[in-house]
Structure formats: C-alpha cells, structure tokens
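> predicted model follows, preceded by the sequence.
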Amino acid sequence: MRIVNLKLKNIGPFKDAELEFISDENEMENPPVICITGENGTGKSIIIDSIRALFNGSFEGGIERDITAANDFEVAAEIFINNEKLNVKTNKKLEKDSNLLYTNHLNFNELFTGDSRSTLSKNFIFDYWSSKLSNDTFKIQNITSLEVEKYLSNTISGIHKNVELAKIISFFDYLRESKNDGEKKLGESLYNILENIINLSISNGSLSHVSRINLQPIIKVGQNEISLDKLSSGSLYLMQRFTSLLSQVYSICTINDLPIDRYKEIKGLLLIDEAENHLHPKWQKVFLQNIQKLFPKLQIIVSTHSPFIVSSVDTSRVYVCKSKIDYSVIEEETDFYINKPVEEILMSPLFDTRNFILL
C-alpha cells in the first residue's frame, strides 16, 4: 500500500492544504520518509489524524477527536492498494457531533475493522504509533496463536498493549520449540528477527529466554536479566512498536502463504506522531534508520519537533506547518533542511536556538 498525496479543506487549522508524498514511479517502490514539523498548534498531528480518519471512515474505535473545522470540509487521498488506484475522500460526518466520517470507499475502510467483509487483499503493513505507552499488565495466562486475519484491528487507534507484546514474544518462542520442522524453522526465523529488534531497541540488550513458569519474556541487559516491566519507557516504546510490525509480517506471510525470509519485500504505511517522545537524542538520530533496516519497504510519515529526526534521513521530504494567526499553512522546505548538520538546523527559523543565553 502507498498513499500518494493528501488534500485537506477546513481540517484543523488548515483552510486548504496539500501534501505530495510520492512524486514519481521510482518513489512508488522506495518512497521518501515524510517529516512533518512546525511549532506547537500548527497542525502536525492533525495531518496524521486526517489520514487515520480517512482510513477509519464510519467505523467505531479509530479516531478520538473531531478533525473538522467547518461543515464544508474535505479530506481526500490517492491510495495504491492491491495494484489498484483508489481516490478515497470524505466530506460528510456520520452524525453532527461525531468523529466518524463517511467515505466513498467503504470496502477500503472495512480492511481495518477486524472482520472479513472487505474484498481487498490483506497483503500490506499498516500501523499508527502514538507517543502514549500502555499501563496494562505484561502477564499472560497461556500461550495463544496470533489471530492473523485480524492483524489490522486497532491499528488506526494506535493502541499497543503490554500484554500483546508478551503474547507475541511467547508465541514466537513457542513456535521455535515445535516438533514440526516447518513450524520450528518459521519460529527460528521470527526469533532471529525478534533478537535483532531487541538489539536495536535496548543498549546492550538481548532476549535471554521466555520463562516457562510464568510465561514472561526475560531480557538480558549487560549482565542483568530483567522482565519487560523493568524496561525504560524509550526501550519499551521501540521494542513494542517494532514487535507489533513483526506480528503483522507474520500474519501477512501466513495469510498469503509467503516464506518469512521474504518479509523485507512487504510494503505498507507507518504513521508516527511525536516520534521524539521517550527517546534520547542519540536514539532519535537512528530511529527512522532502524525502522528502515528492519522494514525497508515501509512508507513512513512522521510528525516531530526534533531536529535530530528531521536531519536523520538523507532522502526524506520535509513539510513545515506555519501559523498565520487565524489559520495554518504547510510548505515543503526539503531543500532547506536536508543534508544539513543538526547544529545548522537548530539555528534555523523553525527551531531558532540562537537566542539562548547561558547564565
């Protein structure tokens, strides 16, 4: 799946806005990372939420706020999915005070409901990463297989539960101990990817084992062994989100009878809001690069305040949201920000750290 562009009318602080995510055929195969930045209140998150609202349509459980600014509104996007171009748009609410919107492609919206009504194939990754961390338990009662057909459920909402992380790791560990050669090989491949995820998420971290007594994954950090609930917020954020994508990879391969060693060929869309939250600047600098290492065919759209993230990928496209007092505009400023050292970006009009006075 690829989203080619996005048009907004009377959405959030925007009277009219248009973003081009993909400009030619080459970018369709390897899309640029889209970095959306700007000061607080200028509409960065609204752009991410507009895509979510369009994908969610009139189904419950997706969008938590009303993104419209007037009765005369529109959200429209050109989307490629299953080798087909869809022009998906909405200009009507489900109800007057509702967050839900009617779209012209119910079949597309049905992909994200968790049932099997849509006739479109589930052969792509989609996920939304908010900056919120769950506070539910990591404890599971038993090992259960993943519900592969429902892998897109709740992806629009951005809910990543702690218990799901424990379930995924425990299930993959269980697979690699299977007496069936095919299951064992699959489990070993998934486990190897999982170990790579942990290595990219935790300094000096690795997966020690999954406890057979309480079904809790144990992480080795240096010489210490700790449970998932003892991880830092940054390490947990990365590990949880990466593992969520890995579970989608497993589901796609299972549904479409693909070998897991072809997982890096799977395309999809990843939306990330406030990517810098929970992450030290050292991790911010490699955050997007690590996603691309693990899942190189993902189209990534990220909103951020961080100059470290803005400057971290040479091939990204940068959009800046700017306040015009009563409304906002969005302008592409890729040439201004790309291939510049972070020190120079920090001195730009957007970040404007030149006026700091050391006392």
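Nice, thanks for sending it over.

> in the stretch 251-359 of the chain, which spans are strands?
Using DSSP state E, counting those that start in this stretch, the strands of the stretch 251-359 of the chain run over residues 268-272, 298-303, 317-323, 328-332.

> dump these into JSON lines; add mean neighbour count, distance to residue 190 and mean pLDDT as well.
C-beta: built from backbone N, CA, C; applies to glycine. Shown next, in JSON lines, are the strands of the stretch 251-359 of the chain (neighbours: other Cβ atoms under 10 Å; distance: least, Cβ to Cβ, whole Å; pLDDT from 0 to 100):
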{"stretch": "strand 268-272", "mean neighbour count": "23", "distance to residue 190": "18", "mean pLDDT": "98"}
{"stretch": "strand 298-303", "mean neighbour count": "24", "distance to residue 190": "18", "mean pLDDT": "97"}
{"stretch": "strand 317-323", "mean neighbour count": "21", "distance to residue 190": "33", "mean pLDDT": "95"}
{"stretch": "strand 328-332", "mean neighbour count": "17", "distance to residue 190": "39", "mean pLDDT": "96"}
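
> TSV for those strands, including distance to residue 219?
Formatted as TSV, these follow (distance: least, Cβ to Cβ, whole Å):
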stretch	distance to residue 219
strand 268-272	24
strand 298-303	25
strand 317-323	35
strand 328-332	41
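
> which stretch among those comes nearest residue 309?
Minimum separation from residue 309 across the strands of the stretch 251-359 of the chain (Cβ to Cβ) falls at strand 298-303, 6.8 Å.

> so how far is that closest one from its chain's centroid?
Taking Cα atoms, centre = their mean, to the nearest Å, the mean C-alpha location of strand 298-303 is offset from the chain mean by 7 Å.

> among the strands of the stretch 251-359 of the chain, which comes closest to residue 338?
Closest to residue 338 of those, according to Cβ to Cβ: strand 317-323, at 6.6 Å.

> mind saving the C-alpha coords of the closest one as CSV?
C-alpha atoms of strand 317-323 as CSV (Å, rounded to 0.1, in the frame of the first residue of the first chain):
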residue,chain,number,x,y,z
ARG,A,317,10.9,15.1,2.4
VAL,A,318,10.2,17.9,4.9
TYR,A,319,7.0,19.8,5.3
VAL,A,320,6.8,22.7,7.8
CYS,A,321,3.4,23.8,9.3
LYS,A,322,3.3,27.5,9.9
SER,A,323,0.9,29.7,11.8
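
> how far off strand 298-303 does that strand point, in degrees?
With axes from the mean of the first three to the mean of the last three Cα atoms, to 10 degrees as the basis, strand 317-323 and strand 298-303 are set at 20 degrees to each other.

> tilt between strand 317-323 and strand 328-332?
160 degrees.

> neighbouring contacts of strand 317-323?
13, 19, 21, 32-39, 41-44, 47, 310, 328-334, 336-338, 350 (Cβ atoms under 8 Å, 6 or more residues apart in numbering).

> try stretch 98-114
Stretch 98-114 has contacts (Cβ under 8 Å, 6+ apart) with 53-60, 62-67, 75, 79, 81, 86-90, 92-94, 117-120, 122, 126, 150, 152-156.

> state the helix or strand in which residue 79 lies.
Here residue 79 sits within strand 74-81, counting by DSSP states H and E.

> now do that strand against strand 268-272, angle only.
For strand 74-81 against strand 268-272, the angle by the same axes, to 10 degrees is 140 degrees.

> strand 74-81 pairs with which strands, and in what direction?
Using DSSP bridges, strand 74-81 pairs in its sheet with strand 2-11 (antiparallel), strand 84-90 (antiparallel).

> just name the most buried of those strands.
Highest mean neighbour count of the strands paired with strand 74-81: strand 2-11, a mean of 20 (counted as mean count of other Cβ atoms under 10 Å).
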